[in-house]
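> Okay, sequence plus prediction incoming.
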Amino acid sequence: MLKTKAILFDATLCVGCGECYSACKHANHLPETNSDYLKDHLNANTFTVIEQYGDIYVRKLCMHCLDATCVSVCPVGAFEKTDLGPVIYDENKCLGCRYCMQACPHHVPRYEWSRVNPRVRKCIMCYERVKNGDQTACAEACLAEATIFGDRDDLIEIAKQRLAENPDNYYQHIYGLEEAGGSCVLILSPVPFDQLGYSTNLPKEPLPTYTSKALEKIPGIIVGGGAFLSAMYWLTKRKNQIAKEEKQLNSTKH
Amino acid sequence: MKIIIPKITFWRVVAVLIVVSGLYSTYLRFTGGLSASTNLSDEFPWGLWIGFDILVGVGLAAGGFSICAIVHIFNIEKYKPLARPAILTAFLGYLLVIFGLMYDLGKPYNIWHAIIYWNPRSVMFEVAWCVMLYTTVLFLEFIPVVLEKYKLHKILTIMKKVAIPIMIVGIILSTLHQSSLGSLFLIIPQKMSQIWYSPLLPLYFFISAVGAGLSMVIFEAFLSARAFNKGIEEDLLSNIGLFSVIVLMIGFIIKIIDLIISRNFYLLLKLNNNSLLYFLEVLIGILIPFGLLIQKRFREDRRWLYASSIMVISGFLLNRLNVSITSISPDVGVTYFPSVNEISVTLMLVVLGLWSFKMIAKYFPVFEEQIIKENFGTEIQEKTVTNRIT
Ligand code: SF4
Ligand code: SF4
Ligand code: SF4
């Protein structure tokens, strides 16, 4: 069995050096978008950013959710959750309906708004590298070991250990363990996550379950609706006919 | 040869101006992409073109299947004169929705991918298939009108044999995707205002589409009566008006109970942008028209009936824009208001829709009396045109 890979980002270790940002740009052949990486935002040419909150630095990137919303909403299956963990995108299938952007609980997918042939853009967890057994470009670049790469199970253990060993340094929560069903990016922080711009109002169950409840009703509507409508048609038609016959009968009597 | 110069009227000038600006926006859209023509952004990926052109467009076409069910499935035959105009409205509505999608989709030339790449977990996938199939059904439902005009009776007889199954399929498809447009939003509970978010969104979308779709039938009937001086079946229309507001009222009552049970009712007690827009939506769209049409004297007065149908349609429009735009609260500070180009394309679609309706109704037997005799599906011996008032 392939083990699901993941990224663990520990904000208590991050020094905001920007190496991961540059490595990401390089690995994905992305043009420069801002001369100051701390002022950049996620956009069609920036897949990860470093944000500064006081003296805390945090990374934002696609979370590579386990039951990913973007994968479930795309009408043509342009997004795919790979067995290894990365959520990847096929621009040749995409229609550009942007449901993925509307639905992503982490506000991740970005669009090439000014192109006539636009693509959805986001981090793909260096899928090619990961497939070859390498780690992601950002993890490789991080000298402070704030971003590390590995098997998801192992990283969860490491995260739990850190929370237990240094309880004073951490806010006791692993972000991404359960948010919206959990993700392949796990985050540790010294302060509550809403102070760092992460969405904290997410339910524990994966968001696709919200729609599947509605979609499950479809076969019932088709079968039940078909039977009901046919029955109604037959009944009312018959009623009209009887009414008409009676009328005729009456008129012949007179 | 006689050259016909159309009369210059106020509305014609407006229509031409709208189409010209719409064409200019079209040029911008397809040469400069979405950023050149819309105010959409990464934070606000869906705007007016989804909220109006798709959600409102499909919703208002619901009169087609509702009337169809009344006439052909429940066999309440007196409403038959309304069936064709309603089907035509729906058919044009769906064509415009698909046309509008061409603007909104980033890669419109890939639209057919929905046929070959499947993702049954996606509500959007279901909507795409239903819209595709239902547009075909509407085409089949409308084609007898064309066949009649050209007197192709052989094909007509074949069509009549399959008419009822086709209509049943049409009604089921409509039920599915009218409600699924609401299901599209089920997946973003954390992003939406709880005034509008509810697990019952699919139900609300269905109910309000039926209600507003019926009002749309009234609206179209008045419009075409003005345009052609055709008689209007006034008592039929006032009954449809009553149906429309009763259906909407049922939806409103469920919604209020839902808000109370989910403990979100307090949101309406706080006055802010959201709650005010909600009040506006239900006042114009449901409460005032209901208050009017529940009374016989208003219902039977054609001006009030017409005015109420316009109110219902406006309230419906506001509801769909509220769900798809107002209720979405993205990252702080980002708001969305449609650009001039988004508005002009939308208006152009409306003008095109009304214009094609007028043209088709002029040249094909949509409103004509013979259709009562020779209708698609069932024949009635007696001519029931006694209700006509000219
Ligand atoms: S964060 Fe958003 S884009 Fe990334 S996998 Fe999750 S749902 Fe998809
Ligand atoms: S924009 Fe493309 S990738 Fe995103 S949901 Fe639509 S078709 Fe799928
Ligand atoms: S490379 Fe490591 S330390 Fe530097 S900004 Fe990125 S995560 Fe932080």
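Yep, that arrived. Ligands and ions are numbered 1, 2, ... in the order given.

> Residue ranges in the stretch 151-254 of chain A under the pLDDT threshold?
Scanning the stretch 151-254 of chain A for pLDDT under 70 picks out the ranges A:253-254.

> any idea where the strands of it begin and end?
Using DSSP state E, counting those that start in this stretch, the strands of the stretch 151-254 of chain A run over A:185-188.

> Is chain B within reach of the lengthiest helix in chain A?
As assigned by DSSP state H, the longest helix anywhere in chain A is helix A:218-253. Yes: looking at helix A:218-253 against chain B by CB under 8 Å from any CB of the partner chain, the contacts come from A:218, A:221-222, A:225-226, A:229-230, A:232-233, A:236-237, A:239-240. For glycine as for every other residue, the C-beta is placed from the backbone atoms N, C-alpha and C.

> Any buried residues in stretch A:55-66, and which?
By 16 or more other CB atoms under 10 Å in any protein chain shown, the buried positions in stretch A:55-66 come out as A:56-66.

> What residues does chain A have near ligand 2?
Chain A has residues A:73-76, A:78-79, A:94-100, A:120 near ligand 2, with proximity defined as CB under 6 Å from any ligand atom.

> quick one: which of those residues sit in helices?
Among these, DSSP H puts A:73, A:99-100 in helices.

> Would you mind trimming the residues you listed to those in range of ligand 3?
Okay, of those, nothing touches ligand 3 (CB under 6 Å from any ligand atom).

> Any chance of these in TSV with distance to chain B as columns?
As requested, those are exported to TSV (distance: CB to the nearest CB, whole Å):
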residue	distance to chain B
A:73	5
A:99	5
A:100	9
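
> Sketch out the low-pLDDT regions of the stretch 251-390 of chain B for me.
B:330-333, B:368-390.

> How about the contacts made by residue A:146?
A:9-11, A:13-15 (CB atoms under 8 Å, 6 or more residues apart in numbering or on different chains).

> Could you check stretch B:310-320 against chain A for contacts?
No: using CB under 8 Å from any CB, stretch B:310-320 stays clear of chain A, coming no nearer than 15.0 Å.

> if we look at that stretch, which residues are touching it?
Against stretch B:310-320 from outside (CB under 8 Å, 6+ apart): B:51-52, B:55-56, B:59-60, B:208-209, B:211-212, B:215-216, B:219, B:244-245, B:248, B:277, B:280-286, B:288-289.

> Show me the domain layout of chain A.
The record's domain parsing of chain A by automatic domain parsing lists A:5-210, A:220-253.

> Of all these, which one is nearest ligand 1?
Nearest to ligand 1 among those is domain A:5-210 (3.3 Å), distances taken as CB to the nearest ligand atom.

> mind listing which of the contacts of stretch B:310-320 are in helices?
Residues of the contacts of stretch B:310-320 located in helices (DSSP H): B:59-60, B:208-209, B:211-212, B:215-216, B:219, B:244-245, B:248, B:277, B:280-282, B:288-289.

> Buried subset of the residues you listed, written for ChimeraX?
The buried subset of the ones in helices among the contacts of stretch B:310-320, as determined by 16+ other CB under 10 Å, is captured in ChimeraX by this line:
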select /B:59,60,208,209,211,212,215,216,219,244,245,248,277,281,282,288,289
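
> And stretch B:180-199, what's buried?
B:180-189, B:191-193, B:195-198.

> if we look at ligand 1, which of those residues are close to it?
Checked against ligand 1 using CB under 6 Å from any ligand atom, these yield no neighbours at all.

> Among these, which are located in helices?
Using DSSP H, the buried residues of stretch B:180-199 in helices are B:180-183.

> Residue B:363: which of these is nearest?
Closest approach to residue B:363 among those (CB to CB): residue B:181, at 32.3 Å.

> and residue A:6, backbone torsions?
phi -160, psi 170 (degrees, to the nearest 10).

> same check, this time on residue A:148
phi -130, psi 160.

> quick one: residue A:181 from residue A:205, how far?
6 Å (CB to CB, to the nearest Å).

> For chain B, which residue occupies the most central location?
Nearest residue to the geometric centre of chain B (CA atoms, centre = their mean): residue B:60, 1.4 Å.

> Can you tell me, leaving aside adjacent residues, what's nearest to it?
Closest residue to residue B:60 apart from its sequence neighbours, by CB to CB, 6 or more residues apart in numbering or on different chains: residue B:216 at 4.6 Å.

> Next, the contact list for that neighbour, please.
Contact analysis of residue B:216 by CB under 8 Å, 6+ apart lists B:60-63, B:89, B:309, B:313.

> The closest residue to residue B:182 other than its chain neighbours: helix or strand, and which one exactly?
Sequence neighbours aside, residue B:205 is the residue nearest to residue B:182 in space, at 3.1 Å (criterion: CB to CB, 6+ apart). In the assignment (DSSP states H and E), residue B:205 maps to helix B:201-228.

> Give me every residue in the stretch 51-200 of chain B that's in contact range of ligand 3.
Applying CB under 6 Å from any ligand atom, one finds that the stretch 51-200 of chain B does not approach ligand 3 at all.

> before we move on, back to that, scan the residues of chain A next to ligand 2 and report the most crowded one.
residue A:97 (30 neighbours; other CB atoms under 10 Å in any protein chain shown).

> so can I have JSON lines of the ones in helices among the residues of chain A next to ligand 2 showing pLDDT?
As requested, these are exported to JSON lines (pLDDT from 0 to 100):
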{"residue": "A:73", "pLDDT": "95"}
{"residue": "A:99", "pLDDT": "95"}
{"residue": "A:100", "pLDDT": "96"}
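
> what's the closest of the residues you listed to residue B:174?
The nearest one, if we look at those relative to residue B:174 and count by CB to CB, is residue A:99, at 21.3 Å.

> What's the local residue count around the residue of the stretch 51-200 of chain B found nearest chain A?
Nearest to chain A, among the residues of the stretch 51-200 of chain B, is residue B:106, at 2.3 Å (CB to the nearest CB). As a burial measure, residue B:106 scores 23 neighbours (other CB under 10 Å).

> the helices in the stretch 251-390 of chain B, which residues?
For the stretch 251-390 of chain B, applying DSSP state H, counting those that start in this stretch gives helices covering B:273-282, B:288-293, B:296-299, B:302-321, B:340-363, B:370-373.

> Give me the buried positions along the third one.
Spelled out, it's helix B:296-299. Buried residues in helix B:296-299 (16+ other CB under 10 Å): B:298-299.

> Residue 132: neighbouring residues, count only.
No chain specified, so I'll use chain A. The tally of other residues near residue A:132 (other CB under 10 Å) stands at 8.

> ah, no, chain B please
For residue B:132, the count of nearby residues is 18 (other CB under 10 Å).

> give me the element it is part of.
Assigned by DSSP H and E, residue B:132 falls in helix B:123-149.

> Could I get the buried residue list for that helix?
Of all the residues in helix B:123-149, those buried under the rule 16+ other CB under 10 Å are B:123-135, B:137-138, B:140-145, B:147-148.
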